[in-house]
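Chemist: Predicted model and sequence follow; I will ask about them next.
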Amino acid sequence: MTAAEYNLCVDKHADNVYRFILKNIKDKDKAKDIVQDAFEKMWIKVDEISDDKSRSYLFTTAYHTMIDLIRKEKKNADFEEVEPYTQGYKSEYNGLKEILDEAMNRLPQIQKDVLLLRDYEGYSYEEIGEITNLSESQVKVYIFRARLFIKNYIGPLEKVI
Amino acid sequence: MSINTSNYELYFVNYYDGSLKPEEIDMLMAFLKEHPALEDEFFAYGQFQMPPSKNITLEDKSFLKKSVGDKQNISESNIQEFLIAYIEKELSAFDTERLMAWLEVNPSYKKDLELYKKSILEPEMNIVFEGKNTLKKKVVPKVRRINYFWYSAIAAAACVLLILNVFLNDNKGNKYGLKMNPKDNFLQAGLFNRTAETKPKDTIQIQDIKINNRKFKSDVFIRETNTYQKMNVKGPVSLASAQELNNISDVREEYSSLYSYIKASEYDVEEATYADIMPEKPRESFLKYAADKLLNNNSTEEKKMDVWQIVDIGTYGINKLANTDIIDIKRTRSDKTVKTDFALGGNVIYSNSKTIEKK
C-alpha cells in the first residue's frame, strides 16, 4: 500500500473504526487513542498490507487493543457475563435508539462486538470471526443470543416505540 | 456373578476400563491368587490399553454441520431461530416461504418478527473521527522523487536539446561554443569556458551547457591535479528551464512520454527552473561526472564528447537526482538511425529515435 493509499484509508475507515470503538467504550479520548494506535500499527506494516485488507486489519487491531484496555480496566471481567435485568427499565425513553442503546449496554461484551460488526459494518460471519478470533459458528451463536436478548428487552417496551 | 475360567476375560477388560465395583475388584484379585497362571494374561491386558489420541482430530467438520433450514419442521420450539435467520438473511427462498406460511397459521409470532427487525442497529453517522489529518502521512519521499524526476527529465531534455542544436543547425550560428565534428559525429562540447579571465595553468574550467539567454550565477569546477575545487563565478547562462522545452516541439513531444510516465503515478509535479531547484549534492556529482567524461576522453588537444557521452551524462543526472537506476541503451542502425532506450527496472520507459545525417 502506498502512502497515498494509506491516507485514503484514513478517509475511508477512520470514522467507522472510531464509531465501533466508541460504541463500546463510551470514552472519546480513549476511542481516539485506539484508532490512532491502529493506524500507526498499520503504517508500520504499510508495505505488507494490501489496500483491500486494510479495513479488516484496522478493525482487528483496534478491536484487540480495545479488549486489552477493557480487560485492564475491569480486571477479571467476564466477557460472557450479562448485565442483570434487575436494573430495570427507565421510566421514559426518547425512542427506539435509546432503548436499543440500553439493551446493547446490557449485552455481554463479545455479543455486543459481533452485533456491531454485523450491523454497523455489514461484515460476514467469517470476517467477524477473523476479527474477533472466533469460529464462524461461535459468531452465529453470539449473534443469535444478542438478537434474542434485544428482542426480549424491547418487547415489553413496544408501546413506547 | 462369580469369576470363573469362562468369564474372567470380561473382568480383566472391565478392570482396566475402571468399571468394576470395589467388591468385584476384590473378587478379581482373589481369583488371580487362585490362578497365578493367568497373572501374565491379566497384566498383558493392561499393557495393550490404548490411550486416547489427542492428535487425531476431524479437521473439516463442515460436512457434519447443519443450517436452520435443514430442520424439517418449524415449530414453537425453533421459531425464534427461524425468525433470526430470516432477518440475518440466512434463509433460502424456500425456507422463507415455509416461515411465512407458518406465520400465517401462527400470527402471534409476527410481533416477534417485527421486534427482531427493530433490533437491527443503524450506524450513527454523526459519530466521526475529528482530525483525520493527524493520522495522515506525508508523501514527501515520493513527491520529491517525482519532482526530481521531472527536473531530471528537463536535464536530459537539455542534453538532447544540445544535440539537436548541433545536429539540426548544421553547426551554423552556434554561438554557444558548440561545434560538431562533421567527420565522426562528435560534439565539440562547449563545456569549456575558454573566456574565463582567471584561468589557472593546467586547469580547465567546466561549466554547464548554455541553452538560453538568461543570466545565472553558476558554479564552475576547476580540475587541478585530480581534485576538484569549486568556486562561484559569474558566467554565461547554464542549464535549461522548463519553459525552454516548449520552444522545440519535437523535443517536447518526445519527453512527454517520460512526462506521462511521471504523471501516471498520480503525483503533481511542479515546474521550475532546473538551476533553481537542482540540489547541491547531485548537482556537484552530476557536473563532476560530466567533467570526468570529458577529461577522460582520449583526445588530448581538443576535448570532445560524442553524443552518447552527453546522453550518458543526462541519464546519470536523472539517476542521481531521482535516485533511480535508469540505464540508457544505444543503437546505431545501418540506415543511420540512432535509437536510445531508457530502461528502468527492466522496462523501457522512454525511447528516442533520430536519423543523423553524416556530413
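Modeler: Received it, and whenever you're ready, just let me know what you need.

Chemist: shaky segments in chain A?
Modeler: Low-confidence segments of chain A, defined by pLDDT under 70: A:75-94, A:157-161.

Chemist: In the helix or strand encompassing residue B:101, which residues are buried?
Modeler: Following DSSP states H and E, one finds residue B:101 within helix B:93-105. For helix B:93-105, a neighbour-count test (16 or more other Cβ atoms under 10 Å in any protein chain shown) marks B:95, B:96, B:98, B:99, B:102, B:103 as buried. Using the backbone N, CA and C atoms, a C-beta is placed for each residue, glycine as well.

Chemist: how about stretch A:98-117: buried residues?
Modeler: For stretch A:98-117, the buried set under the neighbour-count rule, 16+ other Cβ under 10 Å, comprises A:99-100, A:102-104, A:106-117.

Chemist: next one: stretch A:49-61
Modeler: Taking 16+ other Cβ under 10 Å as the criterion, stretch A:49-61 shows A:49, A:54, A:55, A:56, A:57, A:58, A:59, A:60, A:61 as buried.

Chemist: Tell me which two in the residues you listed are the farthest apart.
Modeler: A:49 and A:59 (12.8 Å; Cβ to Cβ).

Chemist: just to revisit the earlier point, as a markdown table, the buried residues of helix B:93-105 with distance to chain A would be great.
Modeler: Converted to a markdown table, the buried residues of helix B:93-105 look like this (distance: Cβ to the nearest Cβ, whole Å):
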| residue | distance to chain A |
| --- | --- |
| B:95 | 16 |
| B:96 | 17 |
| B:98 | 19 |
| B:99 | 15 |
| B:102 | 18 |
| B:103 | 15 |
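
Chemist: So of those, which two are at opposite extremes in space?
Modeler: B:95 and B:103 (12.5 Å).

Chemist: between the buried residues of stretch A:49-61, which is closest to residue A:14?
Modeler: residue A:58 (8.4 Å).

Chemist: Can you name every helix or strand that the host helix or strand of that closest one contacts?
Modeler: Assigned by DSSP H and E, residue A:58 falls within helix A:54-73. Counting contacts by 3 or more Cβ pairs under 8 Å, 6 or more residues apart in numbering or on different chains; DSSP states H and E, helix A:54-73 packs against helix A:3-25, helix A:28-44, helix A:109-119, helix A:125-132.

Chemist: tell me the angle of the third one relative to helix A:54-73?
Modeler: What that stands for is helix A:109-119. For helix A:109-119 against helix A:54-73, the angle by axes from the mean of the first three to the mean of the last three Cα atoms, to 10 degrees is 160 degrees.

Chemist: Output helix A:109-119 as CSV, restricted to C-alpha atoms.
Modeler: Taking C-alpha atoms only, helix A:109-119 is exported to CSV below (Å, rounded to 0.1, in the frame of the first residue of the first chain):
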residue,chain,number,x,y,z
GLN,A,109,-19.0,-7.7,25.5
ILE,A,110,-18.5,-10.3,22.9
GLN,A,111,-22.1,-10.3,21.8
LYS,A,112,-22.1,-6.5,21.6
ASP,A,113,-19.0,-6.6,19.4
VAL,A,114,-20.2,-9.2,16.9
LEU,A,115,-23.5,-7.4,16.6
LEU,A,116,-21.9,-4.0,16.0
LEU,A,117,-19.6,-5.5,13.4
ARG,A,118,-22.5,-7.2,11.8
ASP,A,119,-25.0,-4.3,11.8
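
Chemist: nearest spatial neighbour of the residue nearest the centre of chain A, skipping sequence neighbours?
Modeler: By Cα atoms, centre = their mean, chain A has its centre lying nearest to residue A:113, at 3.7 Å. What sits nearest to residue A:113 in space, not counting adjacent residues and going by Cβ to Cβ, 6 or more residues apart in numbering or on different chains, is residue A:132, at 6.2 Å.

Chemist: what's the spacing between that neighbour and chain B?
Modeler: 17 Å (Cβ to the nearest Cβ, to the nearest Å).

Chemist: What of residue A:30?
Modeler: From residue A:30 to chain B the distance is 13 Å (Cβ to the nearest Cβ).

Chemist: Neighbours of that residue, how many?
Modeler: 18 (other Cβ atoms under 10 Å in any protein chain shown).

Chemist: cool, and residue A:34?
Modeler: Counted with other Cβ under 10 Å, residue A:34 comes out at 26.

Chemist: swap in residue B:126?
Modeler: 6.

Chemist: That one looks like it's in a strand, true?
Modeler: No. With DSSP: H, G, I helix; E, B strand; the rest coil as the criterion, residue B:126 is coil rather than part of a strand.

Chemist: Need the residues that contact stretch A:15-31.
Modeler: Applying Cβ atoms under 8 Å, 6 or more residues apart in numbering or on different chains, the contact partners of stretch A:15-31 are A:32, A:34-35, A:38, A:55, A:58-59, A:62-63, A:66, A:69-70, A:104, A:109, A:112-113, A:116-117, A:120-121, B:123-124, B:127-129.

Chemist: Where do the domain boundaries of chain A fall?
Modeler: As given by automatic domain parsing, the domain ranges for chain A are A:1-77, A:87-161.

Chemist: Around chain A, pick out the residues from the stretch 51-200 of chain B.
Modeler: B:65, B:80-81, B:84, B:87-88, B:111-112, B:115-116, B:118-124, B:127-129, B:132, B:134-139, B:141-142 (Cβ under 8 Å from any Cβ of the partner chain).

Chemist: Just the buried ones from the residues you listed?
Modeler: Using 16+ other Cβ under 10 Å as the burial test, those include B:80, B:84, B:87-88, B:112, B:115-116, B:118-119, B:121, B:123, B:129, B:132, B:135-136, B:139 as buried.

Chemist: quick one, what contacts residue B:137?
Modeler: When contacts are taken as Cβ under 8 Å, 6+ apart, residue B:137 is in contact with A:3, A:6, A:7, A:43.

Chemist: Serialize those to TSV and add fields for distance to residue B:70.
Modeler: Shown next, in TSV, are the contacts of residue B:137 (distance: Cβ to Cβ, whole Å):
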residue	distance to residue B:70
A:3	50
A:6	45
A:7	47
A:43	46
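
Chemist: Those residues: which two are farthest apart?
Modeler: Pairwise over the contacts of residue B:137, using Cβ to Cβ, the maximum falls at A:7 and A:43, 10.2 Å.

Chemist: For the contacts of residue B:137, which entry has the maximal number of neighbours?
Modeler: residue A:6 (20 neighbours).

Chemist: three-state assignment of the residue lying closest to it once chain neighbours are set aside?
Modeler: Ranked by Cβ to Cβ, 6+ apart and with sequence neighbours excluded, the top spatial neighbour of residue A:6 is residue A:46, at 5.4 Å. When classified by three-state DSSP, residue A:46 comes out as coil.

Chemist: Next, count neighbours for residue A:46.
Modeler: Neighbours around residue A:46, by other Cβ under 10 Å: 16.

Chemist: Would you agree residue B:95 is in contact with residue B:69?
Modeler: Yes. Contact criterion Cβ atoms under 8 Å: residue B:95 and residue B:69 qualify, at 4.1 Å.

Chemist: Have a look at the buried ones among the residues of the stretch 51-200 of chain B next to chain A and tell me the least confident one.
Modeler: Across those, the smallest pLDDT goes to residue B:139, namely 52.

Chemist: where does chain B dip in pLDDT?
Modeler: B:48-55, B:61, B:65, B:138-315, B:317-359.

Chemist: can you list the domain ranges for it.
Modeler: Following automatic domain parsing, chain B resolves into domains at B:8-47, B:67-118, B:140-355.

Chemist: What about residue B:57, how many residues nearby?
Modeler: Neighbour tally, residue B:57, other Cβ under 10 Å: 7.

Chemist: So it: helix, strand or coil?
Modeler: Using three-state DSSP, the secondary structure recorded for residue B:57 is coil.
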